[in-house]
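# take this sequence and fold it.
(2 chains)
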Protein chains: 2
Amino acid sequence: MSHGRPVRRRGRPASAERNAGEPATRDRILGSARTEFAERGYDKASIRAIARGAGVDSALVHHYFGTKEQVFAAAVQGAFAPAMGIPDLLLSGDREEWGERLVGYIFKIWEDAVTRDPLLAIMRSAVSNETAAAIFRGLISRNLLERVSAGLDRPDAALRVELALAQLVGTAMLRYVIKVEPIASAPAEELIPRLAPVVQRHLTG
Amino acid sequence: MSHGRPVRRRGRPASAERNAGEPATRDRILGSARTEFAERGYDKASIRAIARGAGVDSALVHHYFGTKEQVFAAAVQGAFAPAMGIPDLLLSGDREEWGERLVGYIFKIWEDAVTRDPLLAIMRSAVSNETAAAIFRGLISRNLLERVSAGLDRPDAALRVELALAQLVGTAMLRYVIKVEPIASAPAEELIPRLAPVVQRHLTG
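Here you go, the predicted model:
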């Protein structure tokens, strides 16, 4: 909290304050939402439990985000934020290094629990619920596929990106979710050079 | 049911009869279990609901399979049965055609809802629950990795198989679970030739 801020009023924040976003509270709610969605699945998750986990009142969750579906969408968007850098990463620089750069970038997101856990939480929800899957699907389409496809400039660009993504999503599943050995414990430095040429091949081969 | 069979007694079947397996009832219970695990997740799934779905008494489910964990293990084993052909498929025939043969075989399993749906149901449970993931993990290790690795005859064989598997698991996720376009609607004939060389590269490249 910054110094010199006026004493907080109770009740509904004024519009400007809402838009300023109360980052700490919002983030706490989103963090709690991701935990709740991951642990109980989309259907079973409740606004009440999300509020409890964030130490706030249910009304405040509704106030900031709206319905459960909207809380989920906001949580996905947040979890997905690190991946939003992918299109820019790909669309600049030498095409022949796309595979290496994309895979290196993804592993940076994955190998840090702070950025990985929200992604896994969202993936878990999307796998078990159609509403969650639809939100996830829309986000992948709009923020990843459309932008990368535009830069790839081939008629089958979206399919190429998806096949590359499939390799990476499947790797995450086996390594971080199912945790089957040896891929679960293999150092990133051993996996990156095995994955990069395959991703490169999907994108430009 | 075969002709000339004695009139069924009520209650616990005799041992020989249990071992004979009552295939119709067992299969109905396993089918109901897969639906229940897929729809409600491992934690929320109940023996009572599985029994109801199969039109039998809960006691019969316990009698045939035991605990919820054991019902799940049996359902996984059944769902996984078509994939059990993979090691034999791979370990015979020309190594240079492994990618093509494996991918073609997998698509045969996937493109038929009868063999695909149980696999997806199991994948959904494994993603959302650690007990389920452990059972799935053990099955992949014992029935797939160990056997294929033995045939691949390289120190990194298991990792190679897993990276190939990652490409296929990720493809299934995007195509059948998240259902993102265009990969969701692309004909198998378009996907197989794009996946085969990548799988081949992982296995033998």
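# centroid-nearest residue for chain A?
Against the mean C-alpha coordinate of chain A, by CA atoms, centre = their mean, the closest residue is A:Phe80 at 2.4 Å.
# isn't that one up against A:Ala121?
No - A:Phe80 lies out of contact with A:Ala121 (CB atoms under 8 Å); the separation is 11.4 Å. From N, CA and C alone the C-beta is placed, and that goes for glycine too.
# what's the burial count for the nearest residue to A:Gly151 once chain neighbours are set aside?
Distances taken as CB to CB, 6 or more residues apart in numbering or on different chains put A:Leu91 closest to A:Gly151, at 3.8 Å, once the chain neighbours are dropped. By other CB atoms under 10 Å in any protein chain shown, 14 other residues sit near A:Leu91.
# can you give me the helices in chain A?
Secondary structure of chain A (DSSP state H): helices located at A:15-20, A:23-44, A:47-54, A:58-65, A:68-80, A:86-91, A:98-110, A:113-128, A:130-140, A:146-152, A:157-172, A:188-204.
# pipe those into a markdown table and attach distance to B:Val198 per row.
A markdown table is the format used below for those (distance: least, CB to CB, whole Å):
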| stretch | distance to B:Val198 |
| --- | --- |
| helix A:15-20 | 47 |
| helix A:23-44 | 30 |
| helix A:47-54 | 40 |
| helix A:58-65 | 40 |
| helix A:68-80 | 25 |
| helix A:86-91 | 19 |
| helix A:98-110 | 12 |
| helix A:113-128 | 22 |
| helix A:130-140 | 20 |
| helix A:146-152 | 18 |
| helix A:157-172 | 7 |
| helix A:188-204 | 5 |
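# so can I have CSV of those showing mean pLDDT?
Formatted as CSV, the helices of chain A follow (pLDDT from 0 to 100):
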stretch, mean pLDDT
helix A:15-20, 44
helix A:23-44, 85
helix A:47-54, 95
helix A:58-65, 94
helix A:68-80, 86
helix A:86-91, 75
helix A:98-110, 90
helix A:113-128, 81
helix A:130-140, 82
helix A:146-152, 78
helix A:157-172, 93
helix A:188-204, 95
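# gap between stretch A:43-57 and the chain center?
20 Å (CA atoms, centre = their mean, to the nearest Å).
# list the buried residues in that stretch.
By neighbour count on 16 or more other CB atoms under 10 Å in any protein chain shown, the buried set for stretch A:43-57 is A:Asp43, A:Lys44, A:Ala45, A:Ile47, A:Ala49, A:Ile50, A:Ala51, A:Gly53, A:Ala54, A:Val56.
# among these, which one lies nearest to B:Gly31?
A:Asp43 (21.3 Å; CB to CB).
# what's the domain layout of chain A?
A:15-67, A:80-204 (automatic domain parsing).
# in space, what's closest to A:Ala164 - neighbours in sequence excluded?
A:His202 (4.0 Å).
# surely that neighbour and A:Ala157 touch.
No - checked against CB under 8 Å, the pair A:His202 and A:Ala157 is beyond contact range at 10.7 Å.
# which one's more surrounded, these two?
A:His202 (23 against 18).
# mind listing what the more buried one touches?
A:Arg160, A:Val161, A:Leu163, A:Ala164, A:Gln167, B:Arg194, B:Val198 (CB atoms under 8 Å, 6 or more residues apart in numbering or on different chains).
# any idea how far B:Gly93 is from it?
According to CB to CB, to the nearest Å, A:His202 and B:Gly93 sit 26 Å apart.
# ok, now which ones touch whatever residue of chain A ends up closest to chain B?
Minimum separation of chain A from chain B (CB to the nearest CB) falls at A:Gly170, amounting to 2.8 Å. Contact partners of A:Gly170, counting by CB under 8 Å, 6+ apart, are B:Leu165, B:Ala166, B:Gln167, B:Leu168, B:Val169, B:Gly170, B:Thr171, B:Met173.
# how about a cut-off of 7 Å?
Taking CB atoms under 7 Å, 6 or more residues apart in numbering or on different chains, we find A:Gly170 in contact with B:Ala166, B:Gln167, B:Leu168, B:Val169, B:Gly170, B:Met173.
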